[in-house]
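*Asks:* Below is the structure, and that's it, no one-letter string:
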């Protein structure tokens, strides 16, 4: 492996460790715990992330990036399985919405307060603009496209709130209704 | 007017004044400004609301109560105009979602940080349980009912976020698609 890739690998290892630590302990993590989990010295961690805020921000940005990659992958699978038909992108969005793991849920809750931070807010704005455009370009009527997208968002947010959540059966009915509207 | 009603009237006047002050100045309001706007002495205000937190909490609870009253009224109008048919409650919910005023938007944004407060959280939990039950009892299939409800919630939340919002035309398409699904 070329030596020039090592800083990237260390950074990736630190972000993976931070993710695990936040999942286990919430956003009030200690940098020592992250360095230890990554097998990196504290100085090595501080070289990549000079403060806890910068580490958490990088982690949140990585999650936004991961979401887009997962969405691309789900869309590719949907097209491979059923062809590149109208509604394929929204069906991928539905899949991702309902299959997001419980672990990620804890992570998103812990990082939610960061969304006021300018760099992260810009990344979320870009992601949201991308989602609006993709939904409209999916070959369905715009009203249907936004309705399906927003119902997914409403569900996703409600699942991450402290408010009453849908049962597994209700969620399954919801998923079927949304999928039917994309066909 | 019977004398025993006066404390209620003063309380209502104070909440109305607080609402106006929060709309104009955000949640960092001064109690003096609220008392002045209500035409009540500072002592009179403190008798009803011993602290700013208690005033803001009462205002938030009043908004939850107002939402339920407006929803009842919209449902009664829908039934009067088109009969008590399946989907009537969700059509009222759609109406309320899309006709919520810009003023209320500023108010909700200012009060949003209060939702972690236990009394308010309980009121929101009760309201959410009520909405889940009402949606399911509306005579449509459960999946459709929750999809329409959650798309409304997703839209309402997105409109109150700092993220890109739908244009007026997109919102109109969305509203038409959701309404069509309730028929």
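*Replies:* Good, I have the coordinates. Because the structure is a prediction, the values reported are computed rather than measured.
*Asks:* Quickly note the distance from residue A:29 to residue A:22.
*Replies:* Relative to residue A:22, residue A:29 is positioned 6 Å away (criterion: Cβ to Cβ, to the nearest Å). Every residue, glycine included, has its C-beta placed from N, CA and C.
*Asks:* contacting residues for residue A:89?
*Replies:* Under the criterion of Cβ atoms under 8 Å, 6 or more residues apart in numbering or on different chains, the contact partners of residue A:89 comprise A:75, A:78, A:134-135, A:137-138.
*Asks:* Give me the phi and psi for it.
*Replies:* In terms of degrees, to the nearest 10, the main-chain angles of residue A:89 are phi -60, psi -40.
*Asks:* buried subset of the contacts of residue A:89?
*Replies:* Neighbour counting by 16 or more other Cβ atoms under 10 Å in any protein chain shown classes A:75, A:78, A:134-135, A:138 among those as buried.
*Asks:* Buried residues, stretch A:22-29. List them.
*Replies:* For stretch A:22-29, burial by neighbour count (16+ other Cβ under 10 Å) applies to A:22-23, A:27, A:29.
*Asks:* Next: stretch A:49-57.
*Replies:* Counting neighbours by 16+ other Cβ under 10 Å, stretch A:49-57 gives A:49, A:55-57 as buried.
*Asks:* Name all residues that make contact with residue A:15.
*Replies:* With contacts defined as Cβ under 8 Å, 6+ apart, the neighbours of residue A:15 are A:58-59, A:62.
*Asks:* mind giving me JSON lines with the contacts of residue A:89 and columns for pLDDT, distance to chain B and secondary structure?
*Replies:* Formatted as JSON lines, those follow (pLDDT from 0 to 100; distance: Cβ to the nearest Cβ, whole Å; DSSP: H, G, I helix; E, B strand; the rest coil):
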{"residue": "A:75", "pLDDT": "97", "distance to chain B": "20", "secondary structure": "helix"}
{"residue": "A:78", "pLDDT": "96", "distance to chain B": "19", "secondary structure": "helix"}
{"residue": "A:134", "pLDDT": "96", "distance to chain B": "13", "secondary structure": "helix"}
{"residue": "A:135", "pLDDT": "96", "distance to chain B": "10", "secondary structure": "helix"}
{"residue": "A:137", "pLDDT": "96", "distance to chain B": "13", "secondary structure": "coil"}
{"residue": "A:138", "pLDDT": "96", "distance to chain B": "14", "secondary structure": "coil"}
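*Asks:* Could you list every helix and strand that the helix or strand bottoming out on mean pLDDT in chain A packs against?
*Replies:* Every helix and strand of chain A was ranked by mean pLDDT, DSSP states H and E. The lowest is helix A:102-111, at a mean of 78. Using 3 or more Cβ pairs under 8 Å, 6 or more residues apart in numbering or on different chains; DSSP states H and E, the elements in contact with helix A:102-111 are helix A:6-25, helix A:52-82.
*Asks:* Many thanks, have a good one.
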